[in-house]
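Participant: Sequence first, predicted coordinates after that:
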Amino acid sequence: MKIYYILCLSILAVFTSCGNNSKSNHDTAAGEESAQEEIKTQYLREPVDIVPSTGEDYPKSLIDVGFPVIPDTEVTSVGNTEIENGTVVMQMETLKNIDQIKEFYDKEMVAKGWKIKDMKIFQGADAAYSYRNEDYSARILVINDKVQDFRKLAVTLNNRVKIEDY
């Protein structure tokens, strides 16, 4: 009889521990799942460091045609620099917002004899501005990086095509 009780207690202990292990494994698995759900990948980006450029950083062709140097903006890339070759391209970055960029160029370009021309926004750009004078047209596309709160500007200056030249 003693052996019967010991055997029953042993079987009961085994079942009880199996049930607890199964529950704790389930709880552990559920806990790990919720922990995995709570952990989200965070991308750390270095802050944008804008080093203001001077007119010396602009292609000479832009300065020669009266294209204004926007303060607190860094020239990050220059493509073709000679307007005689057809197009000058320059890229910049700034912490100025889109309204400040538009206000600056509208005021400065008009003061230098350029006219504001309506322009539709290109796909991928958040703003687009266009100016022209008798000899050149200039376009500025602005891309707003909302994550790091800065703007990328792409400037294109072209010779204007005149029908009388053909």
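Facilitator: Structure received.

Participant: Tell me what the closest residue to Val65 other than its chain neighbours is bridged to.
Facilitator: Nearest non-adjacent residue to Val65, counting by C-beta to C-beta, 6 or more residues apart in numbering: Tyr136, 5.4 Å away. From N, CA and C alone the C-beta is placed, and that goes for glycine too. Counting by DSSP bridges, Tyr136 forms beta bridges with Asn159.

Participant: State the number of residues packed around the residue nearest to Glu134 when sequence neighbours are not counted.
Facilitator: Leaving out its chain neighbours, the residue that sits closest to Glu134 by C-beta to C-beta, 6+ apart is Arg160, at 7.3 Å. By other C-beta atoms under 10 Å, 11 other residues sit near Arg160.

Participant: oh, and call the first residue 23 from now on, that's how I've got it
Facilitator: New numbering, starting at 23: the last item is Arg182.

Participant: Spit out the contact partners of Arg182.
Facilitator: By C-beta atoms under 8 Å, 6 or more residues apart in numbering, the contact set of Arg182 is Arg154, Glu156, Asp157, Tyr158, Ser159.

Participant: Widest-spaced pair of these?
Facilitator: Using C-beta to C-beta, these reach their maximum pairwise distance at Glu156 and Ser159, which is 10.4 Å.

Participant: The two: which is more packed in?
Facilitator: Just comparing Glu156 and Ser159: by other C-beta under 10 Å the higher neighbour count belongs to Ser159, 18 against 9.

Participant: my guess is that one meets Ser152, correct?
Facilitator: Yes. At 6.9 Å, Ser159 counts as touching Ser152 under the criterion of C-beta atoms under 8 Å.

Participant: what's the overlap in contacts for these two?
Facilitator: The contact sets of Ser159 and Ser152 overlap at Lys139 (C-beta under 8 Å, 6+ apart).

Participant: Domain map for the chain?
Facilitator: Domain segmentation of the chain under automatic domain parsing yields 23-62, 77-187.
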